[in-house]
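Novice: Take a look and give me a structure for this.
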Amino acid sequence: MSDINKTAVSTKEAPAAIGPYSQAIRVGDTLFTSGQVALDPATGNLIEGGIKEQTVRVLENLKAVLAAAGLDMVHVVKTTVFLKDMKDFAAMNEIYAKYLAPAGIVAPARSTIQVAALPKDALVEIEVIAKESA
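Specialist: Coordinates of the predicted model:
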C-alpha cells in the first residue's frame, strides 16, 4: 500500500484539535478541513448567541485554517453544513452567503444535513474542501 503525501495544517487562530485529528490536511493542491463549531480559539468555549453568531464564528475559524494553508474562501469548492435544527437554515444561509458566495464569486457545492447533536451542543458545524487552483 502506498502512502499519500499529506501534511497537517494548524493555526492558533482557530480552536485546537481536541482529539486524534488535524484542523486540516493538505494533499497536493487540495485542503480538507475538519468540521468547525463556534468555539472561541482563545478560550475553547462555545460562543454565546444564536445561529447567526455561531455561523460567523464557525466561518471565521475556517478562514483562519484556510489562511494557515495560504488559501482563502474563494478557494473553497465544497462544503458540508451540519445543523442541529433545519429551521435555522435560512439564518445560517444568510451568513454563509456573505463568506462563500459574495457577488461575482462562484459558490461552492454544498450539502446541508440536520443532525441529532453536535459537539458542545453547538447549533452548526461546517467543513470545507479547498483547492489552490480554484
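
Novice: how about the strands in this protein?
Specialist: Counting by DSSP state E, the chain has strands at residues 6-9, 24-27, 30-33, 76-83, 109-114, 124-131.

Novice: give me the beta-bridge partners of residue 125?
Specialist: Taking DSSP bridges, one obtains residue 82 as the residues bridged to residue 125.

Novice: That one: how many residues sit nearby?
Specialist: 22 (other Cβ atoms under 10 Å). Bear in mind the C-beta positions are built from the backbone N, C-alpha and C, glycine included.

Novice: now residue 14
Specialist: Number of residues near residue 14 (other Cβ under 10 Å) recorded here: 25.

Novice: Name all residues that make contact with residue 81.
Specialist: Residue 81 makes contact with 92, 96, 110-113, 124-126 under the criterion Cβ atoms under 8 Å, 6 or more residues apart in numbering.

Novice: on that earlier part again, ranking the strands of the chain by burial, who's on top?
Specialist: Ranked by average neighbour count under the criterion mean count of other Cβ atoms under 10 Å, the strands of the chain are headed by strand 124-131 at a mean of 22.

Novice: which residues are contacting it?
Specialist: When contacts are defined by Cβ under 8 Å, 6+ apart, strand 124-131 is touched by residues 29-38, 51, 54-55, 58-59, 62, 66, 69, 71, 75-84, 88, 92, 96, 108, 115, 118-119.

Novice: Just the CA trace of it, in PDB.
Specialist: Listed in PDB are the C-alpha atoms of strand 124-131, where the atom choice follows Å, rounded to 0.1, in the frame of the first residue of the first chain:
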ATOM      1  CA  VAL A 124     -23.900  24.500  13.400                       C
ATOM      2  CA  GLU A 125     -20.700  22.700  12.200                       C
ATOM      3  CA  ILE A 126     -19.100  23.300   8.800                       C
ATOM      4  CA  GLU A 127     -16.300  21.600   7.000                       C
ATOM      5  CA  VAL A 128     -14.800  22.600   3.700                       C
ATOM      6  CA  ILE A 129     -12.600  21.300   0.800                       C
ATOM      7  CA  ALA A 130     -10.500  23.900  -0.900                       C
ATOM      8  CA  LYS A 131      -8.200  23.800  -3.900                       C
END
